[in-house]
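Colleague: Sequence and computational prediction follow.
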Amino acid sequence: MSLVSVVIPVYNEQECVREMFQRLEALPRDPADRWEYIFVDDGSRDQTLPILRELAAKSDRVKYISFSRNFGHEAALTAGLDHATGDAVITLDGDLQHPPELIPKLIENWRAGSEIVYARRESAEHLPALKAFLSRWFYRVIRKSSRADIPPNTANFRLMDRRALEQFRRLRETTRFGRGLVAWTGFRQAFVPYRELERFAGRTKYTTWQSARLAIDAFISFTDFPLRLGSWAGVAFLVAAVALFLLAAVRGIFLPVAFAGPELIFSAIFFVGGTILVVLGLLGAYVANIYKQAQGRPLYIVAEKSPTLPAGNEGAAHE
């Protein structure tokens, strides 16, 4: 007999939570297994929380956590994983783009010996072409530049064995990129293909800016490649400066003025100055990350939760 925990972060998803519950209840399952559905309300302003209270009163499988404000998707995922007690813990988004019907296949791979089972997106026709292109390149670059082998075309739809989850829960970075943290833990992995669906109802709560911010957080958390890129640019400028100086010494003229006049001088100044400012900005982002981590603030604050849930880490930034 096993306990299966399903963690679902939700934010203003009043149209989706009942449908999610019904589809989870309809899944085929081993009669000997016990299940729990942990909904994490990330400070919703609609009727999401009252609906979760209603479902929890009807079914002892439904448990919920409600934040004091909106702390973000990564914090909501972390809270659900902090409180999950299952032998296998499954995470998926609350908008039903991740089909719950795939969960039995994830469990099947887990029972076969895999400790982390990813749902790998094979197609997502609804994604804009530019977003899909940027996503592919993002994963390609971060896999090449970091030690975390983050599987491409995977999101937050996955299963984690209890042993893998306990290691994940030790990682309390303030700037969180959950996909990278899970991949960093290692363990035996398996993949189950699926086709990502359109939202069941409502509009996406994850804006383009939030996606860009997550990408920046991922780079800061998992690689120093941006800083090294700035160093390489500095080396290139030094080499170019030395080359120009040697050529000018040989010919006895100042090459930029001779070839293109003051316009080339100003463009070179702006280019080098812009590069310096970009590198300083990247350095500032790394320092800000260190600053936030040193503050030791909790990752989230729980305002209300089901009484049957364990204390968990309660959002602590450090164990």
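Modeller: Thanks, I have the structure now. Numbering: from 1, shown residues only.

Colleague: Domains in the protein, by residue range?
Modeller: The chain breaks down into these structural domains: 3-205+297-305, 225-295 (assignment by automatic domain parsing).

Colleague: Now the weakest link among those, please, by mean pLDDT.
Modeller: Mean pLDDT values for the domains of the chain show the minimum at domain 225-295, a mean of 69.

Colleague: Save the domains of the chain as TSV, and put in mean neighbour count too.
Modeller: All C-beta spots, glycine's among them, are computed from the backbone N, C-alpha and C. As requested, these are arranged in TSV below (neighbours: other Cβ atoms under 10 Å):
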stretch	mean neighbour count
domain 3-205+297-305	18
domain 225-295	12
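
Colleague: With respect to Asp217, which of the ones you listed lies nearest?
Modeller: Comparing the domains of the chain by their distance to Asp217 (Cβ to Cβ), the top pick is domain 3-205+297-305, with 4.9 Å.

Colleague: First-to-last residue distance for the closest one?
Modeller: Distance between the two ends of domain 3-205+297-305: 20 Å, counting by Cα to Cα, to the nearest Å.

Colleague: gap between that domain and the chain center?
Modeller: The chain centroid and the centroid of domain 3-205+297-305 are separated by 11 Å, computed with Cα atoms, centre = their mean, to the nearest Å.

Colleague: Strands along this protein, start to end?
Modeller: Under the criterion DSSP state E, the chain contains strands at 3-10, 34-41, 62-67, 88-91, 116-123, 154-161, 189-195, 302-305.

Colleague: just so I know, which of those lies nearest Lys292?
Modeller: strand 62-67 (18.2 Å).

Colleague: In the sheet, which strands lie alongside that closest one, parallel or antiparallel?
Modeller: Looking at strand 62-67 with DSSP bridges, its paired strands and their directions are strand 34-41 (parallel), strand 302-305 (antiparallel).

Colleague: what does stretch 104-115 contact?
Modeller: Contacts of stretch 104-115 with the rest of the structure, by Cβ atoms under 8 Å, 6 or more residues apart in numbering, involve 4, 27-29, 88, 90, 117, 119, 158-161, 163-164, 187-190, 192.

Colleague: Swap in 10 Å and give it another go.
Modeller: Where contact means Cβ atoms under 10 Å, 6 or more residues apart in numbering, the residues beyond stretch 104-115 that reach it are 2, 4, 27-30, 33, 87-88, 90, 92, 116-119, 157-165, 167, 185-194.

Colleague: can you dump the C-alpha coordinates of it into PDB?
Modeller: These are the backbone C-alpha positions of stretch 104-115, laid out as PDB (Å, rounded to 0.1, in the frame of the first residue of the first chain):
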ATOM      1  CA  PRO A 104      -1.300   6.500 -13.800                       C
ATOM      2  CA  LYS A 105       1.500   6.200 -16.300                       C
ATOM      3  CA  LEU A 106       3.800   8.300 -14.100                       C
ATOM      4  CA  ILE A 107       3.000   5.900 -11.200                       C
ATOM      5  CA  GLU A 108       3.600   2.900 -13.400                       C
ATOM      6  CA  ASN A 109       7.100   4.100 -14.200                       C
ATOM      7  CA  TRP A 110       7.700   4.900 -10.500                       C
ATOM      8  CA  ARG A 111       6.700   1.400  -9.500                       C
ATOM      9  CA  ALA A 112       9.100   0.100 -12.200                       C
ATOM     10  CA  GLY A 113      12.000   1.700 -10.300                       C
ATOM     11  CA  SER A 114      12.300   5.300 -11.500                       C
ATOM     12  CA  GLU A 115      12.700   7.900  -8.700                       C
END
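
Colleague: how close does Val279 get to Val272?
Modeller: Computed as Cβ to Cβ, to the nearest Å, the Val279 to Val272 distance reads 11 Å.

Colleague: Can you pull the residues that touch both of these two?
Modeller: Taking Cβ under 10 Å, 6+ apart as the contact rule, Val279 and Val272 both touch 233-234.
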